[in-house]
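>>> 3D, please:
(chains A and B)
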Amino acid sequence: MTAAATPLTPETEAKVQEIGETDVLVGIPSYNNTDTIGHVVRAVSAGLAKYFARSRVVLVNSDGGSSDGTPEAVSRAVVDLGTLLISEQQSPLHKIITPYHGIPGKGSAFRTIFEIARRLKAKACAVVDSDLRSITPEWIELLARPVLEEGYDYVAPYYLRHKYDGTITNSIVYPLTRALYGQRIRQPIGGDFGFSGRLAEHYLEKHVWESDVARFGIDIWMTTEAIANGARVCQSFLGAKIHNPKDPTADLSAMLVQVMGAVFALMEEHQPVWGGVKGSNPVKLFGFQYDVGVEPVNVNVDRMISSFRQGLADLEPIWREMLAPGTVEGLLPLKDCPLQAFRIPDGLWARLVYDVAVSYHHRVMPREHLLKAFTPLYLGRTATFVLETQGLTSSEAEGRIESLCQAFEDRKPYLVERWGAGRE
Amino acid sequence: MKEFWEKALLGPLETLSRSVLSVLPNVLAMSIILLVGLAAAWSIGLVVERLLRVIGLDHLTNRLGVNAALTRGGVKADPSHLVGRTVYWLVVAFAVLAGLGALNLQPLNQFAQSFLAYLPRLFTATLILVAGYLLSNFVSQAVLIAAVNAGIPPARLVAACSRWGVQLVAVAMALEQLSIAQNIVVVGFGIMFGGIVMAAAIAFGLGAKDLAKEFLEQRLSNKSRDRAPDDLRHL
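Model prediction:
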């Protein structure tokens, strides 16, 4: 069944008609990003000029109604190709600056980008965040060329990050996605992706644009949808990702509700796909890998452990509802152990995440309560990771994440068995 | 002597027997109504319970968390059985009222009419109490989780206060529906709720003025927290 076409503004329609068709399309969703979007547009323009000089190229800015002049900043941003020693560009860069319709959120912005890609019959597309400070022209090549020339459908980013940067990705999303779908995609919720025009059409046909996917969760949805539908998937090494800090007051539990809610909802949809997958396979990584200094990250382990212990003291009855009895028993010794001995082992953590997924599936309590009650557990595991990796380099810490992933894969039969069983 | 017997003893007995005989058909009618009513109550209750099981009411309420709330409240029966029993007792109540009506006695008729007029209020009050109970469980769980995540030490106390607050409101509303001492309930509730809010405000003002100051400073001046030098990026 084909979904109805996404409405575009008359100006955008006219622009699309004028352009006709394109080879490469790069989309930038935005909302009040006037500080950073100029740099992103210049990097994209330079990347398209340098690496796709003979291709027809389009840049799309899908804006959520910014009040700080973001669309004007996009329009003003030009790059001096001469100073970049680029002289070969043969086709002009078309810019489409359009507002998007629908529920406010990154997902709705992407929907408009997908629709423009469909109408322009784009062969390869890429989307990059508008708050990036570390984007370079090479990113565009690394995200689009595997699609255009190597026949891949989906390109996930591979960043260099500090060992304590992206802890939800490292302790939950990456190990879980890898164990479920058997593909080792290191940054499944990276935010910057490449994909084929065919995959963009597939995304458009899914009826998710009135759901939470339109607001948040678009990143994990795109990755999971690509893997679950058998798309050819690869990764590209993009170096360090430095972007404007998110709202520092953003609530961690709200973040967990969004990310884990999206992952678990996708598990429900794709159970027939992941139910039979065993082990995992490496995913091709493009790009020249190098080491780079990353921003230091301060952590307060005491505070994380005290949050966990308060959870154990006050939320134990709720945890007993959402976790298997053996899992809760495994947590009890952490109530009063010395700080340096505080550990939630890999195996216990894997079982715990699987228990929460099963409880989400069986609706043992309101789902928002379930995911929010998970916050102290997550902080406990993050404290464990920090204590275990103190003094290790980021690449050594990566070894710890690898063994965590192995624990998730080893315990997958436990998930499959409990998922299929009725509510206890 | 014979005349005395007829007037003094047999006369009243005859009158009594006539009265009894005149009431007897009504008593018989009442008994039949009661028996039929009990049989109807039993079968309707059973049919309703079975029907609800077939359409999966228990599964639905389980997903909504109602079963867990009932278990926490000490109710072991599932919702289908509860509704079935409620229907049973409603039909029994109607049968009893209809039976009493069949006696055709003025005071009983008045009582039956008053009771029937009162039933909607009783029903609404019961609904308010049940909804209040379920809502209080939901709210207290949400408050407990939020308080723990915010690192508030007396999280359980805060959650318990929210639970009792919601239940208090529900009881006050139910009593008002039942027209039981309406003014006393409203005034009592106002005094109690106002007292709780005032006590909390005084306790916070005296006991947590530093916390309030720190909170307001952070909010107004956007200063970072000294005690949390943590810049973990979770995503």
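>>> For the rest of this, base every contact and every neighbour count on C-alpha atoms.
Fine.
>>> got the residue ranges for the strands in the stretch 251-400 of chain A?
Using DSSP state E, counting those that start in this stretch, the strands of the stretch 251-400 of chain A run over residues A:281-282, A:285-286.
>>> What mean pLDDT does the last one get?
Which is strand A:285-286. Averaging pLDDT along strand A:285-286 yields 96.
>>> list the helices and strands it packs on?
strand A:233-240 (3 or more CA pairs under 8 Å, 6 or more residues apart in numbering or on different chains; DSSP states H and E).
>>> which neighbours does the strand it packs on have in its sheet, and in what orientation?
Paired neighbours of strand A:233-240 in the sheet (DSSP bridges): strand A:154-160 (parallel), strand A:285-286 (parallel).
>>> Contacts (any at all) between chain B and the helix or strand just after the first one?
Scanning forward in sequence from strand A:154-160, with DSSP states H and E defining helices and strands, the next element found is helix A:167-168. Yes - where contact is defined by CA under 8 Å from any CA of the partner chain, part of helix A:167-168 touches chain B, namely A:Thr167, A:Ile168.
>>> Contacts for helix A:167-168, please.
Residues from elsewhere that reach helix A:167-168 (CA atoms under 8 Å, 6 or more residues apart in numbering or on different chains): A:Thr382, B:Leu232, B:Arg233, B:His234, B:Leu235.
>>> coming back round to it: ok, which of the strands paired with strand A:233-240 comes nearest A:Val299?
Closest of the strands paired with strand A:233-240 to A:Val299 is strand A:154-160, at 18.8 Å (criterion: CA to CA).
>>> Need the mean per-residue confidence for that closest one.
Strand A:154-160 shows a mean pLDDT of 95.
>>> interface residues of chain A facing chain B?
Residues of chain A lying near chain B (CA under 8 Å from any CA): A:164-169, A:189, A:253, A:297-300, A:303, A:307, A:310-311, A:314-315, A:362-366, A:369, A:372-373, A:375-376.
>>> Mind checking which of these are in helices?
Residues of the residues of chain A next to chain B located in helices (DSSP state H): A:167-168, A:253, A:303, A:307, A:310-311, A:314, A:362, A:369, A:372, A:375-376.
>>> Would you check that A:Val127 makes contact with A:Gly194?
Yes - contact criterion CA atoms under 8 Å: A:Val127 and A:Gly194 qualify, at 6.5 Å.
>>> More neighbours: which of these two?
Under the criterion of other CA atoms under 10 Å in any protein chain shown, the comparison of A:Val127 against A:Gly194 puts A:Gly194 first, with 33 against 24.
>>> Next secondary structure after whichever strand or helix holds the more buried one?
Here A:Gly194, judged by DSSP H and E, is contained in strand A:193-196. The helix or strand immediately downstream of strand A:193-196 is helix A:197-205, counting by DSSP H and E.
>>> I'd like the mean pLDDT over that following helix, please.
If you average the pLDDT over helix A:197-205, you get 94.
>>> what about burial for the residues of chain A next to chain B, which qualify?
Among the residues of chain A next to chain B, those scoring as buried are A:164-169, A:189, A:253, A:299, A:303, A:307, A:310-311, A:314-315, A:362-366, A:369, A:372-373, A:375-376 (criterion: 16 or more other CA atoms under 10 Å in any protein chain shown).
>>> ok, B:Pro120 to B:Gln113 distance?
Distance from B:Pro120 to B:Gln113, counting by CA to CA, to the nearest Å: 12 Å.
>>> for B:Glu6, that is, sorry about that
Counting by CA to CA, the separation of B:Glu6 from B:Gln113 is 42 Å.
>>> Over to A:Glu225?
Applying CA to CA, the value for A:Glu225 to B:Gln113 is 65 Å.
>>> Which of these two has more residues huddled nearby?
Here A:Glu225 and B:Gln113 are set side by side on neighbour count (other CA under 10 Å), and the busier one is A:Glu225, at 19 against 14.
>>> how far does the helix or strand hosting the more buried one sit from the chain's center?
Using DSSP H and E, A:Glu225 maps to helix A:218-228. Centre-to-centre, helix A:218-228 and its host chain are 9 Å apart (CA atoms, centre = their mean, to the nearest Å).
>>> Now do it: which elements does it pack against?
strand A:154-160, helix A:174-181, helix A:252-269.
>>> what inclination does that helix have with respect to helix A:174-181?
Inter-element angle recorded for helix A:218-228 and helix A:174-181: 30 degrees (by axes from the mean of the first three to the mean of the last three CA atoms, to 10 degrees).
>>> which residues sit against stretch A:97-117?
A:5-9, A:12, A:16, A:25, A:27, A:29-30, A:60-65, A:71, A:74-75, A:125, A:197, A:200-201, A:203-204, A:209-210, A:213-218.
>>> Show only the entries of those found in helices.
A:12, A:16, A:71, A:74-75, A:197, A:200-201, A:203-204, A:213-215, A:218.
>>> and the residues you listed, which are buried?
Counted by 16+ other CA under 10 Å, the ones in helices among the contacts of stretch A:97-117 give A:12, A:16, A:71, A:74, A:197, A:200-201, A:203-204, A:213-215, A:218 as buried.
>>> which element is B:Ala172 on?
Going by DSSP H and E, B:Ala172 is in helix B:155-177.
>>> mind listing what's buried in the very next helix or strand once past that helix?
Using DSSP H and E, the helix or strand that follows helix B:155-177 towards the C-terminus is helix B:182-207. If you call a residue buried by 16+ other CA under 10 Å, then helix B:182-207 has these buried ones: B:Val185, B:Phe189.
>>> could you say what helices and strands helix B:182-207 packs with?
Using 3+ CA pairs under 8 Å, 6+ apart: helix B:182-207 touches helix B:155-177.
>>> buried residues in the helix it packs on?
Neighbour-count burial for helix B:155-177, counted by 16+ other CA under 10 Å, picks out B:155-156, B:159-163, B:166-177.
>>> now the angle from that helix to helix B:182-207?
Using the same axes, to 10 degrees: helix B:155-177 against helix B:182-207 is 160 degrees.
>>> Let me see the residues that make contact with helix B:155-177.
A:314, B:121-122, B:124-126, B:128-129, B:132-133, B:135-137, B:139-141, B:143-144, B:147-148, B:181-182, B:185-186, B:189.
>>> Over to stretch A:80-96?
By CA under 8 Å, 6+ apart, stretch A:80-96 touches A:12, A:15, A:19, A:45-46, A:48-50, A:52-61, A:75.
>>> any idea of the mean pLDDT in the host helix or strand of B:Lys213?
B:Lys213 is part of helix B:209-221 when elements are defined by DSSP H and E. Helix B:209-221 shows a mean pLDDT of 66.
>>> Check the burial of A:Val416 by counting its neighbours.
17.
>>> So it is in contact with A:Val273, correct?
No - the pair A:Val416 and A:Val273 does not pass the contact test of CA under 8 Å, sitting 11.8 Å apart.
>>> Would you mind measuring from the residue of the stretch 1-150 of chain A found nearest chain B to A:Arg351?
At 14.0 Å from chain B, A:Asp129 is the closest residue in the stretch 1-150 of chain A, using CA to the nearest CA. Going from A:Asp129 to A:Arg351 by CA to CA gives 34 Å.
>>> One more: B:Gln167?
Taken as CA to CA, the span from B:Gln167 to A:Arg351 is 37 Å.
>>> Filter the contacts of helix B:155-177 down to the buried ones.
Neighbour counting with 16+ other CA under 10 Å marks A:314, B:121-122, B:125-126, B:128-129, B:132-133, B:135-137, B:139-141, B:143-144, B:147-148, B:185, B:189 as buried within the contacts of helix B:155-177.
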